[in-house]
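Student: dropping a prediction and its sequence here:
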Amino acid sequence: MESRLVKNEDHRVAALHGLGLPNSDADADLDFIIACLCQKLGFPVGFVSLIDRDTQ
């Protein structure tokens, strides 16, 4: 069974890199955003997984 995401893989990875992700400087900004959202929504933790071609 073929995943629909595979058809957009190049576009998805290009968008990820266009945002400067993943890299350590952007990771700190993303951590801050997630912490603010968790606090606002009352969640004890929050997770976002950014998957590149070779890294997660």
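Tutor: Good, I have the coordinates.

Student: quick one: Phe47 from Ala15, how far?
Tutor: Computed with CB to CB, to the nearest Å, the distance linking Phe47 and Ala15 is 20 Å. For the C-beta atoms, the positions are set from N, CA and C on the backbone; glycine is no exception.

Student: who has more neighbours, these two?
Tutor: The neighbour count for Phe47 versus Ala15, taken as other CB atoms under 10 Å, is higher for Ala15 (11 against 6).

Student: where's that one, which helix or strand?
Tutor: helix 9-18 (DSSP states H and E).

Student: can you tell me the average pLDDT over that helix?
Tutor: Averaged across helix 9-18, pLDDT comes to 86.

Student: so which elements touch that helix?
Tutor: For helix 9-18, there is no helix or strand it packs on, judged by 3 or more CB pairs under 8 Å, 6 or more residues apart in numbering; DSSP states H and E.

Student: from the contact counts, what lies against the following helix or strand past that helix?
Tutor: Toward the C-terminal end, the helix or strand that comes next after helix 9-18 (DSSP H and E) is helix 24-41. Using 3+ CB pairs under 8 Å, 6+ apart as the contact test, no helix or strand touches helix 24-41.

Student: which residues are contacting helix 24-41?
Tutor: Leu19, Gly20, Leu21, Phe43, Pro44, Val45, Gly46, Phe47, Val48, Leu50 (CB atoms under 8 Å, 6 or more residues apart in numbering).

Student: grab the nearest non-local neighbour of the first one.
Tutor: If I follow you right, that is Leu19. Ala26 (7.1 Å; CB to CB, 6 or more residues apart in numbering).

Student: what's the burial count for the one you found?
Tutor: A count of nearby residues for Ala26, using other CB under 10 Å, gives 13.

Student: out of the contacts of helix 24-41, who has the most neighbours?
Tutor: Leu21 (16 neighbours).

Student: surely that residue meets Leu50?
Tutor: Yes. Counting by CB atoms under 8 Å, Leu50 is a contact partner of Leu21 at 5.4 Å.

Student: tell me where the model's unsure across this protein.
Tutor: Along the chain, the parts satisfying pLDDT under 70 run over 1-5, 22, 24, 56.

Student: and the residue nearest the centre of it?
Tutor: By CA atoms, centre = their mean, the mean C-alpha position of the chain lies nearest to Leu50, the distance being 3.3 Å.
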